[in-house]
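1. Output the structure for:
(one chain, ligands or ions: 1)
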Amino acid sequence: LFSAVEMAPRDPILGLNEQYNADTNPNKVNLGVGVYFDDNGKLPLLQCVQAAEQAMMEKPAARGYLPIDGIAAYDAAVKGLVFGADSEPVKSGRVATVQAIGGTGGLKIGADFLKKVSPNAKVLISDPSWENHRALFSNAGFEVGTYAYYDPTQRGVNFEGMLASLNAAEPGTIIVLHACCHNPTGYDISPEQWDQVIAVIQAKGLTPFLDMAYQGFGYGIKEDGAVIDKFVAAGLNFFVSTSFSKSFSLYGERVGGLSVLCQDKAEADRVLSQLKIVIRTNYSNPPTHGGAVVAAVLSNPELRALWEKELGEMRVRIKAMRQKLVDGLKAAGVQQDMSFITTQIGMFSYSGLSKDQMVRLRNEFGVYGTDTGRMCVAALNSKNIDYVCQAIAKVM
Ligand code: LMR
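-> Predicted coordinates for the structure are as follows:
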């Protein structure tokens, strides 16, 4: 049965973890996967999460099956975070939200649902995009193309190219957009540019699918979510996938969501019923713990304030490491102006290093980033930064 099964390539991001874990270099640094580590190189367990878990342990609960669409309080919290608890879409009941297994799960539920309602649509992802976007939508049965996004010569967004690609898309094309903190480049478009993108989406009848895995890592929770208000104001129907992996440092709990903004409540009810079929036929219903923790934090004003503070600290530390990286590279002898690193936002820096340089970084120095030159600056700290700068300087 399996004799013709070929060996699949390693995952371009998670596959690096396997290599990193097997590396015996004592100085190794993992800048591959998008994970935030604190200044001691430790994965944080947020205080808000600990407090919520403590309260849960004091009143231990049995674990029955959750509803197919997840914990109601969790779904309400996701809606509140994405659209605003008092927003018109939430109040009118026209958002269908489901708990999902991470942000990836939210994307997959959306992709499978879209394949049912729009089987012939094409999907466009940014060039470049998160590696898994293409794989995920192709595996859901879509033909996946790209829209122009990154311009390596300008070190920024090729906005004219982006608009041209969107203008050339057939009506009904699904456009996967990064709501904030573009992964992998770290370059976002401005609010004014979002207005122009939305105008094209409207004019061409395109279907927006916003991946919001990094809400809070750009300028703040509300600030990063402001793009959603623009899509709402434009009267569009759209998809938003949410992830709490990074913002709650709950990577392994796989806590995410999918929200679909519909015309009215009746439509949202019908959409929700279909999303539930997608979930039921994939994994039946979501797991309890991570969703319960996030719901507890987001629905308690004190814990929510603590979360916002802790998330803010992560955001500020990442920004500080960007500056340290720029300074450290200069001190290590890099002639090229690397100040673009501080104009990027979120967890990643598209460094401009070639695949060969990234392979050398890995093999000679144990510094792991993706072959595309993406480095997770959220894993830099005051102890590893000099070593990383020296290593980069040597391969440059
Ligand atoms: C990343 O881009 O590194 C993260 O989103 C983790 C992942 O699942 O790829």
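2. The ligand contacts on the stretch 1-150 of the chain?
-> Within reach of the ligand by Cβ under 6 Å from any ligand atom, the stretch 1-150 of the chain has these residues: 13, 33-34, 130, 132. Quick note: C-beta positions are derived from backbone N, CA and C, even for glycine.
3. between those residues, which is closest to Gly218?
-> Gly34 (13.8 Å; Cβ to Cβ).
4. Which residue does the stretch 151-300 of the chain have closest to the ligand?
-> For the stretch 151-300 of the chain and the ligand, the shortest gap (Cβ to the nearest ligand atom) falls at Asn183, measuring 5.2 Å.
5. Could you report the neighbour count for Phe137?
-> Residues lying near Phe137 (other Cβ atoms under 10 Å) number 25.
6. What is the host helix or strand of it packed up against?
-> Phe137 belongs to helix 131-139 when elements are defined using DSSP states H and E. In terms of contacts (3 or more Cβ pairs under 8 Å, 6 or more residues apart in numbering; DSSP states H and E), helix 131-139 is packed against helix 102-117, strand 122-127, strand 143-148, strand 174-178.
7. swap the cut-off to 6 Å and go again
-> helix 102-117, strand 122-127, strand 143-148 (3 or more Cβ pairs under 6 Å, 6 or more residues apart in numbering; DSSP states H and E).
8. Just the C-alphas of the first one, formatted as CSV.
-> Read it as helix 102-117. Only the C-alpha atoms of helix 102-117 are listed here, as CSV (Å, rounded to 0.1, in the frame of the first residue of the first chain):
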residue,chain,number,x,y,z
GLY,A,102,-5.0,27.8,16.4
GLY,A,103,-4.9,30.4,13.7
THR,A,104,-4.1,27.6,11.3
GLY,A,105,-7.3,25.9,12.2
GLY,A,106,-9.3,29.0,11.6
LEU,A,107,-7.8,29.4,8.2
LYS,A,108,-8.5,25.7,7.4
ILE,A,109,-12.1,25.9,8.5
GLY,A,110,-12.5,29.0,6.4
ALA,A,111,-10.8,27.4,3.4
ASP,A,112,-12.9,24.3,3.5
PHE,A,113,-16.1,26.3,3.9
LEU,A,114,-15.1,28.6,1.0
LYS,A,115,-14.4,25.5,-1.2
LYS,A,116,-18.1,24.5,-0.7
VAL,A,117,-19.6,27.9,-1.4
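9. Show residues contacting stretch 376-396.
-> Applying Cβ atoms under 6 Å, 6 or more residues apart in numbering, the external contacts of stretch 376-396 come out as 27, 29-31, 34, 36-37, 39, 41, 318, 321-322, 324, 328-329, 332-334, 347-349, 357, 360-361, 365, 367.
10. and it, how far apart are its ends?
-> 18 Å (Cα to Cα, to the nearest Å).
11. Report the mean per-residue pLDDT for that stretch.
-> Mean pLDDT, computed over stretch 376-396, is 97.
12. buried ones in that stretch?
-> 376-381, 384-385, 387-393, 395-396 (16 or more other Cβ atoms under 10 Å).
13. buried subset of the contacts of stretch 376-396?
-> 29-31, 34, 36-37, 318, 321-322, 324, 328-329, 332, 334, 347-349, 357, 360-361, 365, 367.
14. Which of the residues you listed fall within helices?
-> 318, 321-322, 324, 328-329, 357, 360-361, 365 (DSSP state H).
15. which one of those sits closest to the ligand?
-> Ile318 (14.1 Å).
16. wait, what's in contact with the closest one?
-> Ile318 neighbours (Cβ under 6 Å, 6+ apart): 377-378.
17. Which pLDDT value goes with it?
-> pLDDT, read off for Ile318, is 98.
18. go on, Val78?
-> pLDDT at Val78 comes out at 98.
19. nearest residue to it other than its sequence neighbours?
-> Gly257 (4.2 Å; Cβ to Cβ, 6 or more residues apart in numbering).
20. again, but for Pro67
-> Here the residue nearest Pro67, using Cβ to Cβ, 6+ apart, is Asn285, at 6.6 Å.
21. Is the one you found in a helix, a strand, or coil?
-> Per DSSP: H, G, I helix; E, B strand; the rest coil, the secondary structure class of Asn285 is coil.
22. Does it touch Arg63 like I think?
-> No - here Asn285 lies out of contact with Arg63, judged by Cβ atoms under 6 Å, at a distance of 11.5 Å.
23. between these two, who's got more neighbours?
-> The neighbour comparison of Asn285 against Arg63 (other Cβ under 10 Å) goes to Asn285, with 17 against 10.
24. so who does the more buried one touch?
-> 65-66, 68.
25. Tell me the pLDDT of Arg10.
-> pLDDT at Arg10 comes out at 89.
26. What about the closest residue to it other than its chain neighbours? Give its phi and psi, please.
-> Counting by Cβ to Cβ, 6+ apart, Arg10 lies nearest to Glu18, which is 6.9 Å off, once chain neighbours are set aside. Phi and psi for Glu18, reported as degrees, to the nearest 10, are phi -60, psi -40.
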